[in-house]
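Pasting the sequence and the predicted model now:
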Amino acid sequence: ASGDDEATKASSPQQATKIEIIAGDDAAKQIASMRSPRFSPDGQTLAFYATRDVVTHNTCSLLALLDWSSKRVTTLIDIVDAPAPGYSSRPTTAFNGLFTGSLRHNAWSKDSKRIYFDTQVGTRCLWKFVDVASKQIVSPQYVDATLSAPESVGFETILDRDGDHVLVSVSSPVRPASVYIVTIDTATGQYTRAPVAIEDQQTSQSIQAWHVVPIPTSVSDEPAARKMLTESPAVLTAVLLPSKTSDADFEATVLVPASAPPAEGYPVVIDLHGGPHGNSPATYRVLYDFFAALGFAVVSV
């Protein structure tokens, strides 16, 4: 049998084939790089992430569809240039664009009608899905929002999925990663039964509360604008993309220790994540838990 296998491999060597694709809309015409291709179960459509330039860490991507028979590419989810104002106040339903690395191996629903994905929403990272026919993005119910309140949602991402059953990882600044099975109505994303805890980690005893605080971009941009920048070499002028700015708020996460505040207030540890990111993830970090146990408030930006 092994000899037959070797003969088959020798008679049909693997080759890379260039595919000439046809841009079906304006966004598709701007595609410069592609990644994470995933065929639909019916074999008719190839979904992939793409960018308008070379992909970098935390670049906003678009989700495109390639019709395999016609080789026509259309955009399912376009790039979002700037988040909608006030997105911090509605974390479970906001959508700021696709900020994610790759599509899951089983991103498609079995009927080829929906695509599931994780994406960052400011400091949070949440799973959602999109209806291929209508292009409607659905924000499902989330475990922590159901057990507590919408603002208590930090991270909820897909570990695995089978039909309307989704295995999710749930985390926040006060909750180490926990695992739940949720069952959803695939039309609405709402639960058809209560979430089932597979591994529910104990929440922090050292942090009494955490908050996501929107901060005006002017706080950082105005001081930066006063700094002199080195001019780009002339040889790069033709290939550099024009600079873009956004006046959308960025977010900071504030953790309040469970201990009683001193008369002069809590001492504060500020953790600066740095650029080029727009946020510091609102997930559990044992070091923050340790600082809170010592009586420090923590601000993560």
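Nice, thanks for sending it over.

which residues in the chain form helices?
Counting by DSSP state H, one finds helices in the chain at the ranges 2-11, 26-29, 143-147, 218-225, 286-293.

Reformat the ones you listed as TSV; add mean neighbour count, distance to Thr253 and mean pLDDT.
(C-beta placed from N, C-alpha, C; glycine too.) Formatted as TSV, those follow (neighbours: other C-beta atoms under 10 Å; distance: least, C-beta to C-beta, whole Å; pLDDT from 0 to 100):
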stretch	mean neighbour count	distance to Thr253	mean pLDDT
helix 2-11	8	53	56
helix 26-29	15	33	93
helix 143-147	18	15	86
helix 218-225	11	16	76
helix 286-293	17	9	97
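
Which of those helices sits closest to Gly86?
Closest to Gly86 of the helices of the chain is helix 218-225 (C-beta to C-beta; 16.5 Å).

outside of the closest one, which residues touch it?
Residues outside helix 218-225 that contact it (C-beta atoms under 8 Å, 6 or more residues apart in numbering): 245, 247, 250.

thinking again about what came up before, looking at the helices of the chain, spot the one closest to Ala187.
helix 143-147 (18.4 Å).

which helices and strands does the closest one pack with?
Other helices and strands packing on helix 143-147, by 3 or more C-beta pairs under 8 Å, 6 or more residues apart in numbering; DSSP states H and E, are strand 165-172, strand 175-184, strand 191-199.

Describe which strands the last one pairs with in its sheet and in which direction.
The reference is to strand 191-199. Sheet pairing of strand 191-199 (DSSP bridges) gives strand 175-184 (antiparallel).

Tell me the gap between the strand it pairs with and the middle of its chain.
17 Å (C-alpha atoms, centre = their mean, to the nearest Å).

distance of the spatially closest residue to Pro176 that is not a sequence neighbour from Thr56?
Spatial nearest neighbour of Pro176, excluding adjacent residues (C-beta to C-beta, 6 or more residues apart in numbering): Gln201 at 4.0 Å. Taking C-beta to C-beta, to the nearest Å as the measure, Gln201 falls 33 Å from Thr56.

how deep is Gly163 tucked in, by neighbour count?
Residues lying near Gly163 (other C-beta atoms under 10 Å) number 11.

ugh, wrong one, Pro267
13.

OK, contacts around it?
Residues in contact with Pro267 (C-beta under 8 Å, 6+ apart) are 295-297.
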